[in-house]
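J.: task: produce atomic coordinates for the following.
(chains A, B, C and D)
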Number of protein chains: 2
Amino acid sequence: MKAYLLQTLKELALLGALRERVEISSLELAKQLQTSQQTASRYLLELDEEHLIKREHGIKKQLIMITSEGAHHLEAEFIDYQHIFSLKEEIVFVGTVISGLGEGTYYTSQKGYLEQFKKKLGFTPYPGTFNVRIDPVERNKLRLLKNFGKGVDIESFESNKRTFGSVSCFLGEVDGIEGAIVMPKRSHYSEIIEFISPIYVRGRLNIKDGAPIEIRIYLEETLPEEPLR
Amino acid sequence: MKAYLLQTLKELALLGALRERVEISSLELAKQLQTSQQTASRYLLELDEEHLIKREHGIKKQLIMITSEGAHHLEAEFIDYQHIFSLKEEIVFVGTVISGLGEGTYYTSQKGYLEQFKKKLGFTPYPGTFNVRIDPVERNKLRLLKNFGKGVDIESFESNKRTFGSVSCFLGEVDGIEGAIVMPKRSHYSEIIEFISPIYVRGRLNIKDGAPIEIRIYLEETLPEEPLR
DNA sequence: ATTACTAGTAAGCGAGTAT
DNA sequence: TATACTCGCTTACTAGTAA
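T.: Have a look, this model is predicted:
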């Protein structure tokens, strides 16, 4: 998303356009953004084209409201700032359940991974991964996770004459089931999040493909409680 | 501030550059920003020129840290987002005490204003205003105030054959002294904030020009407490 | 009043490359 | 490896103005 569009969207949000239709002229918006009327008008056109706002033309001014897609961008931005100023302790990914290609079972059955999971994560995962497709706008949360999350590194190893790459894990939960997400280190951000757990998640949740789901990742390590004396 | 520079600054902050020097190459930054190495390099040059970051060149990569000026921009942005998502109940302006030109005394002595202050703000101000020069980066808080603050409108009136313009007031306090800031409606955002109070602020605080000061403005109206039955 | 098109100018971009 | 310069191309800007 272009930086100036985000800025414009934020400005509209400040005027209340997340909650209601806001009446504003391109000239008024231009003053807020310290630019010309023409540029503000163009920004609004671009935001509209990208479905980040919805407009209705009144007789004079226009009524503008931010769409849910636009709101997602602002939320993502807010999360970034919360992290910058260390105010949040978890990241929630929203997505839909999908089926994997069975690869998850292959990888999570490798002894080289299993031993490390047991040792470093504290549990032996059920074979296979619980896969969730996240919205593309959620991907910057993945980046945040890499930068801020307390990742657990699982090292690469060799087995059967091939190499199994190193992965990062982040502890979290899906609908109350504790586990961790697994991210290959040498790969770009994907739209799929893979979750492992000692429990067979799909069975426990009795859930179908396409169902909405949330994965919650803990950013702070859970500190053991100090016993009262 | 250019939108893309803010975005870059935010990215550096996410990498921890608010707290410590961060080692990053222009290519790595470019990947984060989804742009080219050349552009990332140019962004860093621009941020440096504007004193928003400080750089040290290592043998390979460079060490980057965000300056306090850069941090202010990020804080201001964070405040904006907090307001968008309704998480803050006050705005604090940081500035330095300055002397006015005596105009404050003239205006605050006008009967037309005095009657409205008494009626709408609940107090009769001491003649004169307590003036604070705010940092230019604080000005977007003024804009926030106009959009979100529970402003009290003081209407224009005529007296002695001239017109006294309408002003907006926002209740707040300076160092524990309750009062309100006064902003002319028909004027651009200024670097000076004028504070009125039933008490002679300068005398009470025994403060000199140039001294650092905070003005706290309440965003939510203080609701009267419900008596317990 | 508005919005937004046209057109000329300015700013931003990244491939190539020097250092 | 790095950073950052040049330069040709693209994108973004605003004055003027139509609708």
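J.: nearest residue to the middle of chain A?
T.: Central residue of chain A (Cα atoms, centre = their mean): A:E138, 3.2 Å from the mean position.
J.: once you drop chain neighbours, what's closest to that residue?
T.: Nearest residue to A:E138, sequence neighbours excluded (Cβ to Cβ, 6 or more residues apart in numbering or on different chains): A:F93, at 5.5 Å. (C-beta placed from N, C-alpha, C; glycine too.)
J.: same thing with A:G70?
T.: In space, A:G70 is closest to A:L52, 3.6 Å off (Cβ to Cβ, 6+ apart).
J.: tell me which residues in the helix or strand containing A:I64 are buried?
T.: A:I64 belongs to strand A:62-66 when assigned by DSSP states H and E. Going by neighbour count (16 or more other Cβ atoms under 10 Å in any protein chain shown), the buried part of strand A:62-66 is A:Q62, A:I64, A:M65, A:I66.
J.: what comes into contact with it?
T.: A:9, A:12-13, A:17-18, A:20-26, A:44, A:52-57, A:74 (Cβ atoms under 8 Å, 6 or more residues apart in numbering or on different chains).
J.: report the contact partners of the residue nearest to A:G70.
T.: By Cβ under 8 Å, 6+ apart, the contact set of A:L52 is A:L5, A:L9, A:I66, A:T67, A:E69, A:G70, A:H73.
J.: for A:Y107, give me phi and psi.
T.: phi -70, psi -50 (degrees, to the nearest 10).
J.: so the residue nearest to it when sequence neighbours are not counted, which of the three states?
T.: Counting by Cβ to Cβ, 6+ apart, A:Y107 lies nearest to A:Y113, which is 6.5 Å off, once chain neighbours are set aside. With DSSP: H, G, I helix; E, B strand; the rest coil as the basis, A:Y113 sits in helix.
J.: show me what contacts A:Y113?
T.: A:Y113 neighbours (Cβ under 8 Å, 6+ apart): A:Y107, A:I154, A:F157, A:F164, A:V167.
J.: and with 7 Å instead?
T.: Taking Cβ atoms under 7 Å, 6 or more residues apart in numbering or on different chains, we find A:Y113 in contact with A:Y107, A:I154, A:F164.
J.: ok so, going back, tell me how far the residue nearest to the centre of chain A lies from B:L205.
T.: 50 Å (Cβ to Cβ, to the nearest Å).
J.: just name the shakiest helix or strand of chain A by mean pLDDT.
T.: helix A:139-148 (a mean of 69; mean pLDDT, DSSP states H and E).
J.: scan chain A for its longest helix.
T.: Longest helix in chain A, counting residues (DSSP state H): helix A:68-84.
J.: now the closest residue to A:S197 other than its chain neighbours. Its backbone dihedrals?
T.: Nearest residue to A:S197, sequence neighbours excluded (Cβ to Cβ, 6+ apart): A:G179, at 3.0 Å. Torsion angles at A:G179 (phi, psi; degrees, to the nearest 10) stand at phi -180, psi -150.
J.: ok, now A:G58?
T.: phi -80, psi -170.
J.: and A:F164, by the same measure?
T.: According to degrees, to the nearest 10, A:F164 has phi -100, psi 120.
J.: residues near it, how many?
T.: If you count neighbours by other Cβ atoms under 10 Å in any protein chain shown, A:F164 ends up with 17.
J.: likewise A:T8?
T.: The tally of other residues near A:T8 (other Cβ under 10 Å) stands at 25.
J.: how far away is the residue in chain A that chain B sits nearest to from A:Y43?
T.: Proximity of chain A to chain B (Cβ to the nearest Cβ) peaks at A:A3, 3.6 Å away. From A:A3 over to A:Y43 the distance is 12 Å, taken as Cβ to Cβ.
J.: neighbour count: the two, which is higher?
T.: Neighbours were counted for A:A3 and for A:Y43 using other Cβ under 10 Å; A:Y43 has more, 24 against 16.
J.: identify the residues contacting that one.
T.: Counting by Cβ under 7 Å, 6+ apart, A:Y43 touches A:Y4, A:L5, A:T8.
J.: if we can go back for a sec, let's have the contacts of A:Y113 in JSON lines, adding pLDDT and distance to DNA strand C.
T.: Shown next, in JSON lines, are these (pLDDT from 0 to 100; distance: Cβ to the nearest atom of the strand, whole Å):
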{"residue": "A:Y107", "pLDDT": "91", "distance to DNA strand C": "35"}
{"residue": "A:I154", "pLDDT": "94", "distance to DNA strand C": "34"}
{"residue": "A:F164", "pLDDT": "92", "distance to DNA strand C": "34"}
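J.: and A:L14, how many neighbours?
T.: Counted with other Cβ under 10 Å, residues neighbouring A:L14 total 21.
J.: repeat for the one 10 residues further on
T.: Close neighbours of A:I24, defined as other Cβ under 10 Å, add up to 20.
J.: now do A:I199
T.: Neighbours of A:I199 under the rule other Cβ under 10 Å: 17.
J.: run through the residues that contact it.
T.: Counted by Cβ under 7 Å, 6+ apart, A:I199 has contacts A:Y126, A:I177.
J.: need phi/psi at it.
T.: Main-chain dihedrals, A:I199, degrees, to the nearest 10: phi -100, psi 150.
J.: pull the number of nearby residues for A:P136.
T.: Using other Cβ under 10 Å, the number of residues around A:P136 comes to 10.
J.: identify the bridge partners of the closest residue to A:G16 other than its chain neighbours.
T.: Spatially, and ignoring its direct neighbours in sequence, A:G16 is nearest to A:V22 (5.4 Å; Cβ to Cβ, 6+ apart). For A:V22, the beta-bridge partners under DSSP bridges are A:I64.
J.: A:V22 and A:L5: what is the separation?
T.: For A:V22, the distance to A:L5 equals 17 Å [Cβ to Cβ].
J.: so where do the strands sit in chain A?
T.: Secondary structure of chain A (DSSP state E): strands at A:22-24, A:53-57, A:62-66, A:90-98, A:130-134, A:152-154, A:157-159, A:162-164, A:167-174, A:177-184, A:192-196, A:212-218.
J.: to DNA strand D, which of the ones you listed lies closest?
T.: Nearest of these to DNA strand D, taken as Cβ to the nearest atom of the strand: strand A:53-57 at 11.8 Å.
J.: buried stuff in stretch A:186-205?
T.: A:I193, A:E194, A:F195, A:I196, A:S197, A:P198, A:I199, A:V201, A:R202, A:L205.
J.: many thanks, I have nothing further to ask.
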